[in-house]
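Asker: model this:
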Amino acid sequence: MFRNHPAIVMELVAIDLFDQFHANSTIFDPSTIRLYTRSMLRALAKLKKEAIIYGDLKMENIMVKDHATGNIRIIDFGLSVMMTKPSE
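Answerer: Coordinates of the predicted model:
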């Protein structure tokens, strides 16, 4: 609540992976690719643990929080669904 009104607080992340890739004008080196891949797999594993199926994975929906550490945020959960059974 902010001044008796509901408020949504979000984290500001400046660039998505698509723009990061095009801003460099070079191909990512293998260590950078491993860094981002590891971060994406960790994020997707967390979604699986929370029983969320993410339906729109693309470079534009992966925000880069910290390029040096590969810290990312996955955004746009509009096509996501909750699993109702573990077997789904």
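Asker: which strands and helices lie in contact with the worst-scoring helix or strand of the chain on mean pLDDT?
Answerer: Per-element confidence for the chain was summarised using mean pLDDT, DSSP states H and E. The lowest value among helices and strands belongs to helix 17-24, with a mean of 80. Contact partners of helix 17-24 among helices and strands, from 3 or more CB pairs under 8 Å, 6 or more residues apart in numbering; DSSP states H and E: strand 62-66. Backbone N, C-alpha and C define where each C-beta goes, glycine included.
Asker: buried residues, the least confident helix or strand of the chain. List them.
Answerer: By neighbour count on 16 or more other CB atoms under 10 Å, the buried set for helix 17-24 is 17, 20-21.
Asker: mind checking the pLDDT average for stretch 76-87?
Answerer: For stretch 76-87, mean pLDDT rounds to 84.
Asker: now do whichever helix in the chain runs longest against helix 17-24, angle only.
Answerer: Among the elements of the chain assigned as helix by DSSP state H, the one spanning the most residues is helix 30-49. For the pair helix 30-49 and helix 17-24, the angle between their directions (axes from the mean of the first three to the mean of the last three CA atoms, to 10 degrees) equals 170 degrees.
Asker: helix or strand right after helix 30-49?
Answerer: Taking DSSP states H and E as the definition, the helix or strand that follows helix 30-49 towards the C-terminus is strand 52-53.
Asker: that following strand pairs with which strands, parallel or anti?
Answerer: Strand 52-53 sits in its sheet next to strand 81-82 (antiparallel), going by DSSP bridges.
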